[in-house]
Each structure stands twice: as structure tokens, then as C-alpha cells.
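Asker: fold the following.
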Amino acid sequence: MTRSAILEVQNGNLIETLNNLWRQLLEKGLVDALLIPQELPSGINVVQTLVSDVQKLESPNPLSPVMPVNTARIVSQMTKVTPSPKKVGVVLRSCELRALIELVKLKQASLENIVLIGIDCFGTYSVKDYKNLAQDGSSPKDAFIKAVREGKEDPSLRQVCQMCEYPIPMNADITIGLIGIDFEKSILIQASSTEGEAILEALELTDSPEAEVTKRDEAIAKLIEQRTKKRDEILEQTQKDISGIDNLMRTLAPCINCHNCRDVCPLCFCKECFFDSPTFEMESEKYLGWSERKGTIRMPTHTLLFHLTRMSHMVTSCVGCGMCYEACPNEVPVANIFRLVGLNTQKIFDYVPGRSLEDELPVTTYQERELLGVPEKL
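Answerer: Numbering: from 1, shown residues only. From the prediction side, this is the model:
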């Protein structure tokens with residue numbers, strides 16, 4: 001049962017109100033440390049920080065519309081070897097939280113002593129665009145929040161954010177609710193676990209009127225409808241762009257096999273990647289033999305094989321965070337391709353990555369009848 005409470009916004013200042021909330025979590029001992037994005041002094045980026053001393057909580061701002069790294073990777077790095085010995089609050093966007101749930105199911109992260117703090121996500125800019133906006137003298141976060149309040153759609157948001165139909169965190173202990181809320185006056189804090197309810201009790205928050213929750217639900221449904229429509233438009237075009245081997249190769253032509261997309265993906269976790277193994281350490285005569293047989297070969301080799309192999313490994317768990325596209329030096333639309341294939345694959349298994357810890361992973365759990373009724377040609 002979800003409990004909803006109201007947090008009054010102080011003097012119309014949303015950021016300062018949230019900052020006071022983060023401070024209370026540490027000061028009241030509700031968490032021993034907080035993993036939260038903080039603005040760099042330069043103002044051109046926001047980075048994740050692990051804060052144990054409340055005095056070092058200088059410029060937290062998870063509302064800044066930029067996501068340099070998927071935080072699920074950081075939590076995995078912190079907890080894969082051993083669970084956290086102390087209670088750590090982790091502030092995550094929806095795609096980060098969904099990726100973390102997948103990593104836990106893949107035994108690449110632990111939620112022991114982790115308090116999941118989800119926050120509604122209106123979308124993000126690319127790191128480059130955020131930096132350019134900041135250098136122009138404007139405040140990206142202030143302009144962004146103003147546009148959100150006015151209900152304006154920002155075409156500069158990352159395309160993956162424009163078509164993300166999961167703006168609301170799943171499986172969070174507490175959720176910071178902003179969608180459908182007049183956050184010049186108040187924000188909604190929702191608890192979905194015993195841990196979350198204990199936090200609400202400690203913060204002494206007033207329960208939210210049912211009307212506020214209903215209003216929020218309606219706004220969420222409307223936003224999801226808009227984003228789903230946008231998603232379908234984008235993926236329909238993606239389908240056209242990559243249909244057939246010639247079109248697929250043309251789309252992947254700028255790929256230089258740098259593997260950046262793999263390195264930033266929260267769901268790629270192999271200690272040794274197949275493509276970094278001796279399997280792909282070829283003698284010169286191999287390359288020359290291929291060249292003589294075909295007349296010419298593309299160098300570097302195996303770009304298509306790399307993408308297809310990576311896709312087969314993690315496509316059922318892809319949460320569409322778009323980090324792969326952000327890391328590509330040549331803007332290969334890998335995020336759209338993975339989103340398209342992922343969506344189709346996930347539908348086959350009725351699987352939503354990050355929806356629940358109880359949902360069995362399709363790739364690792366065999367069910368004899370799971371593919372009955374699937375058409376031969378999707």
C-alpha cells in the first residue's frame with residue numbers, strides 16, 4: 001500500500017526545499033550516506049557524489065536536466081563485491097532505477113542497506129547541450145523547470161527522453177512526485193515500502209489529500225500517452241532506416257568499433273568481453289586472406305557482429321537510458337535500434353525491465369511454452 005504525503009515548498013523555492021530534505025535524511029540518521037548528483041562549481045555539469053558529511057552537501061540537484069552516467073553502474077560498482085555495510089540513500093531517475101533492478105536480478109548489485117529514492121523525470125539534455133547552455137550564461141535547470149511549469153515540450157531534450165514512457169520511478173522506497181503537482185507550493189512524497197514509511201514518519205509529513213493523488217495520476221497518464229505516441233513515431237522511422245541488411249549496414253557505417261556504447265551501458269557487465277578476448281586477435285594473414293577472397297574488407301572488422309552480439313546479450317533488459325548514443329563519437333543511433341529491438345523482444349515475453357524483482361529474466365529462465373504463438377516473422 002502506497003502512502004502519500006505533502007512536503008510544502010518553502011518560499012516557492014523547489015530546489016532549496018529538496019536540499020533541506022536531503023539534509024534531513026543525513027541529519028536524522030535515516031541514511032548514513034547519500035549518493036546524489038551535485039553541480040560542479042563550474043556549473044557546466046552535474047556529477048554523482050557519495051556524501052557522508054552533511055556539510056559537504058553543497059550543491060545537490062537531481063533535477064538538473066543532465067545524466068552523464070547511469071547511476072545503476074555506480075551502485076553496482078559499490079555493492080557487487082560486498083553489500084553496503086551502512087545505509088546508503090540513492091537518488092535515481094526512472095531509467096536508472098529500472099537498470100539497477102535488472103542488475104540485482106543479474107547478481108551484479110545488492111540492495112542490502114540501500115534506500116531507493118526515486119524522482120519523477122521530465123527528461124534530460126545531452127552533456128554537450130547542457131554544457132553549451134550553461135556556458136551561454138543561462139541556467140539550464142532554471143529554464144528547464146520554468147518550461148516544465150508552463151507545460152512546454154522542449155525539443156532539445158534527448159530523443160530517448162522524449163519517447164520514454166516510464167517517467168515515474170518503479171520499486172522506489174520513496175518517490176519524489178512532481179508530475180501533476182503544483183510544485184511552486186508543494187511536492188508529493190510517496191512511500192512504497194516499510195523503509196519508505198519509516199522515513200515519512202521521521203520527517204513528520206502530512207498525508208496527502210486523495211484529490212492530489214488523483215490529479216497526479218491523470219497527469220502521469222497524459223504524459224505517458226504523449227511519450228508513447230512519440231516513441232511509436234520515432235521507432236517507426238528507425239524500423240524503416242534499418243530494414244534490410246543494406247540499410248542496417250548504412251546506418252552502422254560510421255561505427256569505428258570503439259566499444260564506447262558497451263562501456264557506458266549499465267547492463268553490459270562481463271568482466272571480459274568476447275570482443276576483447278583472444279578470439280579477435282587475428283594474424284595478418286587472416287586479414288589478407290579475407291581481403292584476397294572478397295577483393296576488399298572493411299577495417300576495423302566485425303562492427304556488425306559486435307552490435308548484434310551485444311544486442312542479443314542484453315536486449316531484454318534494455319531500459320532505454322540512451323547512454324550508448326551519448327557515448328558514440330559518430331552519433332550512430334544505437335539507442336533507437338536497441339529500443340526498437342528491445343521493445344519487440346520484451347513484448348514477446350510480456351517483460352518490462354525493472355518492473356519487479358520477482359519477474360524472471362527471459363534469457364536466463366526457460367519456460368517450455370513461452371514461444372508458442374509467436375509468429376515466425378516478427
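
Asker: list the contacts of stretch 190-204.
Answerer: The contact list for stretch 190-204 (C-beta atoms under 8 Å, 6 or more residues apart in numbering) reads 2-5, 7, 21, 24-25, 28, 30, 115, 171-175, 177, 189. Just so you know, the C-beta spots here come from the backbone N, C-alpha and C atoms, and that holds for glycine as well.

Asker: buried ones among the residues you listed?
Answerer: 3-5, 7, 21, 25, 30, 115, 171-175, 177, 189 (16 or more other C-beta atoms under 10 Å).

Asker: among these, which one lies nearest to residue 306?
Answerer: Distance to residue 306 across the buried ones among the contacts of stretch 190-204 (C-beta to C-beta) is lowest for residue 171, with 31.9 Å.

Asker: just flag the most distant two among the buried ones among the contacts of stretch 190-204.
Answerer: The widest separation within these (C-beta to C-beta) is 21.1 Å, between 7 and 171.

Asker: what about this structure, any weak spots by pLDDT?
Answerer: 1, 366-378 (pLDDT under 70).

Asker: so of the buried ones among the contacts of stretch 190-204, which ones are in strands?
Answerer: Among those, DSSP state E puts 3, 4, 5, 7, 115, 174, 175, 177, 189 in strands.

Asker: among these, which one lies nearest to residue 277?
Answerer: Of those, the one sitting nearest to residue 277 (C-beta to C-beta) turns out to be residue 115, at 38.4 Å.

Asker: list the contacts of the helix or strand hosting residue 35.
Answerer: According to DSSP states H and E, residue 35 maps onto strand 33-39. Identification of contacts with strand 33-39 by C-beta under 8 Å, 6+ apart yields 22, 25-26, 45-52, 57-62, 64, 71, 74-75, 78, 86-91.

Asker: give me the sheet partners of the helix or strand that comes right after that strand and which way each runs.
Answerer: Next helix or strand after strand 33-39 toward the C-terminus (DSSP H and E): strand 46-51. Strand 46-51 sits in its sheet next to strand 33-39 (antiparallel), going by DSSP bridges.

Asker: for this structure, which segments count as strands?
Answerer: Here the chain has its strands, by DSSP E, at 3-8, 33-39, 46-51, 88-92, 114-119, 174-177, 186-191, 206-207.

Asker: what angle sits between the fifth one and strand 186-191?
Answerer: Here strand 114-119 runs at 150 degrees with respect to strand 186-191, directions being taken by axes from the mean of the first three to the mean of the last three C-alpha atoms, to 10 degrees.

Asker: who does strand 114-119 touch, helix- and strand-wise?
Answerer: strand 88-92, helix 94-105, strand 174-177 (3 or more C-beta pairs under 8 Å, 6 or more residues apart in numbering; DSSP states H and E).

Asker: next one: phi and psi at the residue nearest to residue 141 when sequence neighbours are not counted?
Answerer: If the residues on either side of it in the chain are set aside, residue 141 comes closest to residue 64, at 4.6 Å by C-beta to C-beta, 6 or more residues apart in numbering. Backbone torsions of residue 64, given as degrees, to the nearest 10, read phi -60, psi 130.

Asker: what's near enough to touch residue 64?
Answerer: Residue 64 touches 37, 39, 46, 130, 140, 141, 144, counting by C-beta under 8 Å, 6+ apart.

Asker: give the bridge partners for the closest residue to the fourth one other than its chain neighbours, please.
Answerer: Excluding its sequence neighbours, the residue lying closest to residue 130 (C-beta to C-beta, 6+ apart) is residue 66, at 4.0 Å. Beta-bridge partners of residue 66, counted by DSSP bridges, are residue 125.

Asker: right, and residue 66 touches residue 46 too?
Answerer: Yes - in this structure, residue 66 is within contact of residue 46 by C-beta atoms under 8 Å, at 5.3 Å.

Asker: intersection of neighbour lists for the two?
Answerer: residue 130.

Asker: residue 69: neighbour count?
Answerer: Using other C-beta atoms under 10 Å, the number of residues around residue 69 comes to 18.

Asker: picking up where we left off before, which of the contacts of strand 33-39 are buried? Put it as a ChimeraX command.
Answerer: Only the buried members of the contacts of strand 33-39 enter the following ChimeraX selection, criterion being 16+ other C-beta under 10 Å:
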select :22,25,26,46,48,49,51,57,60,61,62,64,71,74,75,78,87,88,89,90,91
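
Asker: ok, the residue positioned nearest the centre of the chain - contacts?
Answerer: Central residue check for the chain by C-alpha atoms, centre = their mean: the C-alpha nearest the mean position is that of residue 95, 2.7 Å away. The neighbours of residue 95, taking C-beta under 8 Å, 6+ apart as the test, are 70, 121, 164, 166, 319, 320, 321.

Asker: and the second one, how many neighbours?
Answerer: Burial of residue 121 is recorded as 24 neighbouring residues (other C-beta under 10 Å).

Asker: who's in contact with stretch 349-364?
Answerer: 97-102, 104-106, 166, 170-171, 316-319, 342, 345-346, 348, 370.
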